[in-house]
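# This is a predicted model, with the sequence first.
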Amino acid sequence: MQVELLYHTPEPERAVATAARLCYAPIGASELMESLSDEGIRKVLATILASGHLSTLEHASYTFAIDGVSRALTHQLVRHRLASFNQQSQRYVKFAEGLDVVKPASIAENDEASHLFDEMISKTIETYQAFLEAGIPAEDARYILPNAAETKIVVTMNIRELLHFFNLRCCNRAQW
(Lines give C-alpha, C1' and ligand atoms only; values in the text may rest on other atoms or scores of the structure.)
Protein backbone atom coordinates (compact mmCIF):
# COMPACT_ATOMS: atom_id res chain seq x y z
CA MET A 1 0.00 0.00 0.00
CA GLN A 2 1.22 3.47 -0.86
CA VAL A 3 -0.42 6.55 0.63
CA GLU A 4 0.45 10.05 -0.54
CA LEU A 5 -0.89 13.35 0.74
CA LEU A 6 -2.00 15.20 -2.40
CA TYR A 7 -3.44 18.35 -0.86
CA HIS A 8 -4.54 19.90 2.40
CA THR A 9 -6.18 23.08 3.52
CA PRO A 10 -3.48 25.75 3.71
CA GLU A 11 -2.83 26.66 7.35
CA PRO A 12 -5.42 24.20 8.68
CA GLU A 13 -4.92 25.25 12.31
CA ARG A 14 -5.62 28.89 11.39
CA ALA A 15 -8.75 27.91 9.43
CA VAL A 16 -10.11 25.86 12.34
CA ALA A 17 -9.28 28.52 14.94
CA THR A 18 -10.90 31.21 12.80
CA ALA A 19 -14.10 29.18 12.51
CA ALA A 20 -14.15 28.57 16.25
CA ARG A 21 -13.50 32.21 17.16
CA LEU A 22 -16.13 33.47 14.73
CA CYS A 23 -18.84 31.99 16.94
CA TYR A 24 -17.94 34.52 19.66
CA ALA A 25 -16.46 37.47 17.75
CA PRO A 26 -18.07 40.73 16.67
CA ILE A 27 -15.73 40.91 13.63
CA GLY A 28 -15.71 38.94 10.38
CA ALA A 29 -13.79 35.79 9.52
CA SER A 30 -11.24 37.53 7.27
CA GLU A 31 -10.28 39.97 10.00
CA LEU A 32 -10.15 37.17 12.58
CA MET A 33 -7.93 35.05 10.36
CA GLU A 34 -5.44 37.87 9.94
CA SER A 35 -5.44 38.87 13.60
CA LEU A 36 -4.87 35.45 15.20
CA SER A 37 -1.34 34.95 16.53
CA ASP A 38 0.32 31.54 16.59
CA GLU A 39 -0.11 31.46 20.37
CA GLY A 40 -3.76 32.50 20.00
CA ILE A 41 -4.32 29.67 17.52
CA ARG A 42 -2.75 27.13 19.92
CA LYS A 43 -5.01 28.31 22.75
CA VAL A 44 -8.15 28.15 20.60
CA LEU A 45 -7.27 24.64 19.38
CA ALA A 46 -6.66 23.46 22.96
CA THR A 47 -10.04 24.88 23.99
CA ILE A 48 -11.77 23.22 21.02
CA LEU A 49 -10.37 19.81 21.89
CA ALA A 50 -11.05 20.19 25.62
CA SER A 51 -14.63 21.39 25.12
CA GLY A 52 -15.58 18.92 22.38
CA HIS A 53 -16.56 21.74 19.99
CA LEU A 54 -15.38 19.51 17.15
CA SER A 55 -17.58 20.86 14.35
CA THR A 56 -14.92 23.50 13.77
CA LEU A 57 -12.48 20.74 12.76
CA GLU A 58 -14.57 20.23 9.63
CA HIS A 59 -13.13 23.41 8.09
CA ALA A 60 -9.80 21.77 7.25
CA SER A 61 -9.47 18.79 4.94
CA TYR A 62 -6.85 16.46 3.54
CA THR A 63 -6.76 14.60 0.21
CA PHE A 64 -4.84 11.33 -0.11
CA ALA A 65 -3.95 9.05 -3.03
CA ILE A 66 -4.02 5.41 -1.95
CA ASP A 67 -2.56 2.82 -4.33
CA GLY A 68 -1.98 -0.90 -4.17
CA VAL A 69 -4.92 -1.85 -1.98
CA SER A 70 -7.59 -4.48 -2.52
CA ARG A 71 -11.19 -3.90 -3.43
CA ALA A 72 -12.01 -5.56 -0.10
CA LEU A 73 -10.13 -2.77 1.68
CA THR A 74 -11.86 -0.01 -0.28
CA HIS A 75 -15.25 -1.57 0.50
CA GLN A 76 -14.40 -0.96 4.16
CA LEU A 77 -13.00 2.50 3.47
CA VAL A 78 -16.07 3.85 1.65
CA ARG A 79 -18.27 3.07 4.65
CA HIS A 80 -17.04 6.38 6.03
CA ARG A 81 -19.81 8.49 4.54
CA LEU A 82 -18.43 11.90 5.50
CA ALA A 83 -15.48 11.46 3.19
CA SER A 84 -15.26 11.89 -0.58
CA PHE A 85 -14.01 9.08 -2.80
CA ASN A 86 -13.01 8.48 -6.42
CA GLN A 87 -11.85 4.96 -7.22
CA GLN A 88 -10.24 3.39 -10.27
CA SER A 89 -13.10 2.04 -12.37
CA GLN A 90 -13.27 -1.62 -13.32
CA ARG A 91 -15.82 -0.56 -15.92
CA TYR A 92 -13.57 1.81 -17.86
CA VAL A 93 -10.14 0.37 -17.06
CA LYS A 94 -9.61 -2.92 -18.86
CA PHE A 95 -7.12 -5.29 -17.27
CA ALA A 96 -6.23 -6.99 -20.55
CA GLU A 97 -2.53 -7.16 -19.62
CA GLY A 98 -3.26 -8.85 -16.33
CA LEU A 99 -4.54 -7.96 -12.92
CA ASP A 100 -2.50 -7.18 -9.84
CA VAL A 101 -3.91 -8.62 -6.64
CA VAL A 102 -3.36 -8.26 -2.91
CA LYS A 103 -2.75 -11.55 -1.13
CA PRO A 104 -3.56 -11.50 2.60
CA ALA A 105 -0.65 -12.46 4.84
CA SER A 106 -2.57 -15.41 6.32
CA ILE A 107 -2.82 -16.91 2.82
CA ALA A 108 0.69 -15.93 1.70
CA GLU A 109 2.21 -17.58 4.79
CA ASN A 110 0.42 -20.89 4.16
CA ASP A 111 2.03 -22.73 1.23
CA GLU A 112 -1.05 -24.78 0.32
CA ALA A 113 -3.42 -21.82 0.61
CA SER A 114 -1.03 -19.58 -1.32
CA HIS A 115 -0.83 -22.11 -4.15
CA LEU A 116 -4.64 -22.43 -4.31
CA PHE A 117 -4.99 -18.64 -4.26
CA ASP A 118 -2.52 -18.25 -7.14
CA GLU A 119 -4.32 -20.93 -9.18
CA MET A 120 -7.70 -19.30 -8.66
CA ILE A 121 -6.40 -15.82 -9.51
CA SER A 122 -4.71 -17.18 -12.63
CA LYS A 123 -7.93 -18.88 -13.78
CA THR A 124 -9.96 -15.76 -12.99
CA ILE A 125 -7.63 -13.53 -15.04
CA GLU A 126 -7.66 -16.04 -17.90
CA THR A 127 -11.47 -16.09 -17.88
CA TYR A 128 -11.71 -12.30 -17.63
CA GLN A 129 -9.40 -11.89 -20.64
CA ALA A 130 -11.41 -14.51 -22.58
CA PHE A 131 -14.57 -12.52 -21.86
CA LEU A 132 -12.97 -9.34 -23.22
CA GLU A 133 -11.72 -11.18 -26.32
CA ALA A 134 -15.24 -12.55 -26.85
CA GLY A 135 -16.59 -9.00 -26.91
CA ILE A 136 -18.07 -8.99 -23.42
CA PRO A 137 -18.01 -5.37 -22.21
CA ALA A 138 -15.52 -4.70 -19.40
CA GLU A 139 -18.44 -3.52 -17.24
CA ASP A 140 -19.85 -7.07 -17.41
CA ALA A 141 -16.56 -9.00 -17.47
CA ARG A 142 -15.57 -7.34 -14.19
CA TYR A 143 -18.21 -9.32 -12.33
CA ILE A 144 -15.76 -12.20 -11.97
CA LEU A 145 -12.91 -10.08 -10.62
CA PRO A 146 -12.04 -10.85 -6.99
CA ASN A 147 -12.07 -8.67 -3.89
CA ALA A 148 -8.30 -9.19 -4.00
CA ALA A 149 -8.10 -7.06 -7.19
CA GLU A 150 -5.66 -4.22 -6.62
CA THR A 151 -7.13 -0.74 -6.99
CA LYS A 152 -6.39 2.93 -6.54
CA ILE A 153 -8.52 5.50 -4.75
CA VAL A 154 -8.44 9.21 -3.88
CA VAL A 155 -9.92 10.07 -0.48
CA THR A 156 -10.70 13.47 1.03
CA MET A 157 -11.63 13.81 4.70
CA ASN A 158 -11.92 16.71 7.07
CA ILE A 159 -10.06 16.56 10.37
CA ARG A 160 -13.13 15.56 12.37
CA GLU A 161 -13.80 12.61 10.05
CA LEU A 162 -10.11 11.64 10.06
CA LEU A 163 -10.18 11.44 13.87
CA HIS A 164 -13.35 9.32 13.72
CA PHE A 165 -11.80 7.13 10.97
CA PHE A 166 -8.61 6.51 12.99
CA ASN A 167 -10.62 5.80 16.14
CA LEU A 168 -12.53 3.04 14.31
CA ARG A 169 -9.90 1.66 11.94
CA CYS A 170 -7.00 1.55 14.39
CA CYS A 171 -9.05 -0.72 16.64
CA ASN A 172 -7.72 -4.30 16.69
CA ARG A 173 -11.23 -5.57 15.89
CA ALA A 174 -11.31 -3.74 12.53
CA GLN A 175 -10.12 -5.65 9.48
CA TRP A 176 -8.57 -2.55 7.90
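Cool, got the structure.

# Let's check: the centremost residue of the chain is which one?
With distances taken as C-alpha atoms, centre = their mean, the residue of the chain nearest its centroid is Val155 (4.1 Å).

# The residue nearest to that residue when sequence neighbours are not counted: neighbouring residues, count only.
The spatially closest residue to Val155, leaving aside those adjacent along the chain, is Phe64, at 5.1 Å (C-beta to C-beta, 6 or more residues apart in numbering). Bear in mind the C-beta positions are built from the backbone N, C-alpha and C, glycine included. Around Phe64 there are 17 other residues, counting by other C-beta atoms under 10 Å.

# Met1 is in contact with Phe64, correct?
No - in this structure Phe64 lies outside contact range of Met1 using C-beta atoms under 8 Å: 11.1 Å.

# about what we covered before: tell me which residues touch the residue nearest to the centre of the chain, please.
Applying C-beta atoms under 8 Å, 6 or more residues apart in numbering, we find Val155 in contact with 63-64, 66, 77, 83-85.

# Ile159 versus the closest residue to Glu161 other than its chain neighbours, what's the distance?
Excluding the flanking residues, the one nearest Glu161 by C-beta to C-beta, 6+ apart is Leu82, at 4.4 Å. Here Leu82 is placed at a distance of 11 Å from Ile159 (C-beta to C-beta, to the nearest Å).

# Neighbour count: these two, which is higher?
Ile159 (21 against 12).

# out of the contacts of Val155, what pair is the most spread apart?
The two members of those with the most space between them (C-beta to C-beta) are Thr63 and Leu77, at 14.0 Å.

# more crowded one of those two?
Summary of the neighbour comparison: Thr63 and Leu77, criterion other C-beta under 10 Å, with Leu77 having more neighbours (18 against 15).

# Isn't the more buried one up against Phe85?
Yes - with contact taken as C-beta under 8 Å, Leu77 and Phe85 are classed as touching, separated by 7.3 Å.

# wait, what's in contact with Gly68?
Taking C-beta under 8 Å, 6+ apart as the definition, contacts of Gly68 comprise 1-2, 100, 102, 150, 152.

# if you set the cut-off to 7 Å instead, what comes out?
1-2, 150 (C-beta atoms under 7 Å, 6 or more residues apart in numbering).

# cool, Leu5 as well?
Leu5 makes contact with 62, 64 under the criterion C-beta under 7 Å, 6+ apart.

# and it, that's in a strand?
Yes - the assignment for Leu5 (DSSP: H, G, I helix; E, B strand; the rest coil) places it in a strand.

# quick one: it and Tyr62, what's the gap?
The span separating Leu5 from Tyr62 equals 6 Å under the rule C-beta to C-beta.

# before we move on, what about Phe165?
When distances are taken as C-beta to C-beta, Phe165 and Tyr62 turn out to be 11 Å apart.

# Name the helix or strand for the residue nearest to Glu161, please.
Counting by DSSP states H and E, there is no helix or strand that carries Leu82.
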